[in-house]
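Asks: missing the sequence, but the structure's below:
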């Protein structure tokens, strides 16, 4: 395929700017090499061409431009005033073009570009934060955009290609055809620092029987409430739950104000709030945990997503966690030969 550059005043020496001329990119490279080497022969050797071919192409270029670029001498060639100006512009064009080419290749390899990640957990600590930090270290030229929202909003974003991948809790979604199990986190009790249970290193579910629980209506609040009900409900006796349409972070502020206690995922412990302490919730079988999964859409060809999934597979191998993706393998085929 022949590359062509539409020349403009930026490439021409000072002078007339007639109709645009179609110039082959390789001819610009020939002129640049000839000026740099001071010889058609040396330039031809450098470019692995016959000297006669290079000389003929440069002559044709001069005819296209209507101006002499080089003075021919027995000792070689030297640029005319117009030639020096022209080659200076050519070098800028070639340099800019190389930047564009390198950038496109980097995007194709997933080493640059954009990646949009949806979530509704805290980024103050935990595995999601650690994964994002590691991905940023490996691929510093990829711009990461994060979207925090409900499970429904995140899955809608995946389907309409606004979100590349979502990290959420709960069971597999029926509307996403790619998913993989990631990690699990302990359920943590957030207490006012002067609460009697704050003196305990570990809190058992039975200790919480008579507490008022403050939960967010936003995800993963509903899933945490399901766990709470499963642990503490009995016939005719449901836990005292007050739901607020605020973020989980603001729930902590309410806990610090002695409005009640709350339950949250382990990653939320990374952010400290005045008057709030955290304790692990256990039963006779040990810690209570909630699982996380990654979801993405089949057919998403974003190379940056491919590299992010590979990183997740490294950190949380499907074999090790005992559960791979739903449907076909989650592993993205490598397009490189």
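Replies: Nice, I can see it. This is a predicted model, so every value here is computed, not measured.
Asks: now the end-to-end length of stretch 294-304.
Replies: In stretch 294-304, first residue to last residue: 15 Å (CA to CA, to the nearest Å).
Asks: what do you get for stretch 283-292?
Replies: Counting by CA to CA, you get 21 Å between the two ends of stretch 283-292.
Asks: quick one: contacts of it?
Replies: Residues from elsewhere that reach stretch 283-292, judged by CB atoms under 8 Å, 6 or more residues apart in numbering: 121, 127-128, 167-170, 181-187, 204-205, 220, 223-224, 227, 231, 265, 280-282. Bear in mind the C-beta positions are built from the backbone N, C-alpha and C, glycine included.
Asks: And the residue of the chain positioned farthest from its centre, how close does it get to residue 179?
Replies: Going by CA atoms, centre = their mean, the residue of the chain most distant from its centre is residue 74, 57.9 Å out. Per CB to CB, to the nearest Å, residue 74 is found 73 Å from residue 179.
Asks: swap in residue 256?
Replies: When residue 256 is compared with residue 179 (using CB to CB), they lie 36 Å apart.
Asks: Comparing those two, which residue is more hemmed in?
Replies: The residue with more neighbours, out of residue 256 and residue 179, is residue 179; 21 against 17, by other CB atoms under 10 Å.
Asks: Okay, and the beta partners of the more buried one?
Replies: residue 295 (DSSP bridges).
Asks: what pLDDT does it get?
Replies: Looking at residue 179, its pLDDT reads 89.
Asks: my guess is it meets residue 294, correct?
Replies: Yes - using CB atoms under 8 Å, residue 179 is in contact with residue 294, at 6.4 Å.
Asks: C-terminal to the strand or helix carrying residue 89, what's the next element?
Replies: For residue 89, the host element (DSSP states H and E) is helix 81-108. Remark: after helix 81-108, the chain's next helix or strand is strand 112-119, criterion DSSP H and E.
Asks: Okay, now the sheet partners of that next one, with direction.
Replies: Applying DSSP bridges, strand 112-119 is found paired with strand 141-148 (parallel), strand 165-169 (parallel).
Asks: which non-adjacent residue is nearest residue 302?
Replies: Distances taken as CB to CB, 6 or more residues apart in numbering place residue 164 nearest to residue 302, at 5.5 Å, with adjacent residues excluded.
Asks: and residue 197, what does it touch?
Replies: Residue 197 touches 189, 191, 203, 207-208, 261, 279, counting by CB under 8 Å, 6+ apart.
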